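*Asks:* Dropping a prediction and its sequence here:
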Amino acid sequence: MGPFSAELLKGKVILITGGATGLGRAMAEKFLAVGANVAIASRNERVLERAAKEMSIEANDVYYKSCDVREPGQVFDLIDAVEKHYGHIDVLVNNAAGNFISPTHRLSTRAVDTILNIVLHGTFYTTLEVGKRWIEQRRAGTMLNIVTTYASTGSGYVVPSAAAKAGVLALTRSLAVEWAPYGIRQVAIAPGPFPTEGAWSRLSPTPELEQKLLGRVPLKRVGDKEELANLAAFLVSDYAAYMNGEVVTIDGGEWLQGAGQFNGLSEITEDQWDDLAKLTRKRTEQE
Ligand code: HXC
Ligand code: NAP
């Protein structure tokens with residue numbers, strides 16, 4: 001339960017794409033622990049079934065349905081099925097994603113399409129289907145999009161993902177304004193490195209690459225899934241009702257480390273600082 005009461009999300013129906021694994025699963029577990037009814041969806045039905053069964057032992061029943069978010073027909077069927085099962089939907093979490101590291105010039109057009117279709121089109125399809133229904137039903141709701149820090153900065157070697165996540169961030173901010181009059185709220189989370197099997201196997205597959213990733217984080221550690229799940233629970237709860245269009249970064253300071261021009265100076269020792277101080281002070285005195 002962490003910092004929350006068991007009633008934080010009591011009675012809320014939450015659909016999480018990619019909810020059987022990694023960060024999606026951590027959010028599902030947290031939402032269940034604080035009273036929500038949860039539906040999870042992704043491509044692999046076997047993985048969904050196992051996750052739903054395991055989570056149901058501790059909490060309410062967990063609805064699952066396989067869905068490839070790249071297929072509008074499957075998205076329609078999913079939303080229909082969740083509404084039939086629970087009666088309505090209160091929160092949509094767009095968490096499903098695809099990604100891998102590669103120099104951009106090595107990518108085929110099909111590789112580009114694959115990532116854009118899952119991340120940008122998939123998120124747009126679920127958002128559109130749920131949003132249309134909420135507007136028609138005059139129902140308020142919240143959409144939470146899981147992006148990345150490089151949705152804002154861009155990043156080499158994950159360029160289709162960066163372009164797609166930037167699109168999702170634009171979607172978040174655009175609809176925050178357009179759909180607010182309907183009582184529909186948009187929020188996003190930009191996670192830094194959280195070791196999940198899905199991300200690590202594709203983005204950090206060797207100890208050397210993992211070390212590189214870790215070295216960039218000022219707090220010198222990776223994120224704990226529960227930290228992200230707690231943030232998500234707050235953002236979709238009524239306590240965050242005035243947050244709309246915001247993206248919250250949870251990355252141990254990683255992206256700022258890369259951005260600040262002088263942050264590399266953290267490697268300078270105290271003795272070196274003494275020498276440098278002589279030089280920099282002398283300069284000021286000469287002027
Ligand atoms: C270059 C690659 C590739 C790679 C696949 N392709 N992997 N190209 N390098 N490593 C190419 C294929 O050759 C093919 O193009 C095209 O991409 C589609 O590949 P398929 O395997 O047919 O696609 P599919 O089965 O649909 O699988 C999608 C996938 C896969 C994205 C490629 O990795 C997947 O299922 N991912 C889901 C989970 C995931 O990615 N989780 C990580 C999220 S982490 P050709 O032309 O050959 O046909 C994240 C942010 C992390 O998003 C930030 C970290 C700090
Ligand atoms: P993950 O476990 O691989 O999660 C991705 C999920 O998306 C899987 O459950 C996968 O299930 C589902 N998915 C993929 N393609 C799909 C499709 N076409 N249709 C429906 N579902 C699909 O990795 P994760 O690390 O937890 O990532 C979760 C989210 O966090 C993603 O949005 C990711 O970009 C973001 N993120 C993660 C990190 C990190 O460090 N872990 C950092 C920044 C952002 P199936 O394969 O069964 O479909």
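*Replies:* Cool, got the structure. Keep in mind the model is a prediction, meaning the values are calculated, not measured. Ligands and ions are numbered 1, 2, ... in the order given.

*Asks:* Using CSV, write down the CA coordinates of the lengthiest helix in the chain.
*Replies:* The helix that spans the most residues within the chain, counting by DSSP state H, is helix 159-178. Below are the C-alpha coordinates for helix 159-178, written out as CSV (Å, rounded to 0.1, in the frame of the first residue of the first chain):
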residue,chain,number,x,y,z
VAL,A,159,15.1,7.3,-32.5
PRO,A,160,11.8,5.7,-33.5
SER,A,161,11.0,5.4,-29.8
ALA,A,162,12.0,9.0,-29.2
ALA,A,163,9.9,10.3,-32.1
ALA,A,164,6.9,8.2,-31.0
LYS,A,165,7.1,9.2,-27.3
ALA,A,166,7.5,12.9,-28.3
GLY,A,167,4.2,12.4,-30.2
VAL,A,168,2.6,10.9,-27.1
LEU,A,169,3.7,13.8,-25.0
ALA,A,170,2.2,16.2,-27.6
LEU,A,171,-1.0,14.2,-27.5
THR,A,172,-1.0,14.5,-23.7
ARG,A,173,-0.6,18.2,-23.7
SER,A,174,-3.0,18.8,-26.6
LEU,A,175,-5.9,16.8,-25.2
ALA,A,176,-5.3,18.2,-21.7
VAL,A,177,-6.8,21.4,-23.2
GLU,A,178,-9.2,20.1,-25.8
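
*Asks:* who touches it?
*Replies:* With contact meaning Cβ atoms under 8 Å, 6 or more residues apart in numbering, helix 159-178 is reached by 94, 97-99, 104, 107, 111-112, 114-116, 118-120, 123-124, 127, 131, 143, 145, 147-148, 150-152, 154-155, 184-188, 244-245, 247. Every residue, glycine included, has its C-beta placed from N, CA and C.

*Asks:* That helix and ligand 1, are they touching?
*Replies:* Yes - using Cβ under 6 Å from any ligand atom, helix 159-178 comes into contact with ligand 1 via residue 161.

*Asks:* What strands line up against the very next helix or strand once past that helix, and which way round?
*Replies:* Later in the chain than helix 159-178, the nearest helix or strand by DSSP states H and E is strand 184-191. Sheet pairing for strand 184-191, assigned by DSSP bridges, gives strand 141-146 (parallel), strand 246-250 (parallel).

*Asks:* Can you give me the pLDDT of residue 282?
*Replies:* Here the pLDDT value assigned to residue 282 is 72.

*Asks:* Could you say which helix or strand holds the residue lying closest to residue 62 once chain neighbours are set aside?
*Replies:* Setting aside the residues directly before and after it, residue 62 is nearest to residue 52 in space (Cβ to Cβ, 6 or more residues apart in numbering), at 4.2 Å. Taking DSSP H and E as the criterion, residue 52 maps to helix 45-58.

*Asks:* That helix: what's the following helix or strand?
*Replies:* For helix 45-58, the following helix or strand on the C-terminal side (DSSP H and E) is strand 62-66.

*Asks:* about what we covered before: for the longest helix of the chain, buried residues please.
*Replies:* Under the neighbour-count criterion of 16 or more other Cβ atoms under 10 Å, helix 159-178 has 159-169, 171-172, 175-176 buried.

*Asks:* wait, what's in contact with the most centrally placed residue in the chain?
*Replies:* In the chain, the centroid-proximal residue (Cα atoms, centre = their mean) is residue 146; its distance is 2.1 Å. Contact partners of residue 146, counting by Cβ under 8 Å, 6+ apart, are 23, 93-95, 97, 188-189, 191.

*Asks:* now, among those residues, which is nearest to residue 15?
*Replies:* For these, the residue nearest residue 15 by Cβ to Cβ is residue 93; the value is 6.9 Å.

*Asks:* number of nearby residues for that closest one?
*Replies:* 28 (other Cβ atoms under 10 Å).

*Asks:* That one contacts residue 233, doesn't it?
*Replies:* No - under the criterion of Cβ atoms under 8 Å, residue 93 makes no contact with residue 233, lying 10.8 Å away.

*Asks:* Spit out the residues that contact those two alike.
*Replies:* Shared contacts of residue 93 and residue 233 (Cβ under 8 Å, 6+ apart): residue 27.
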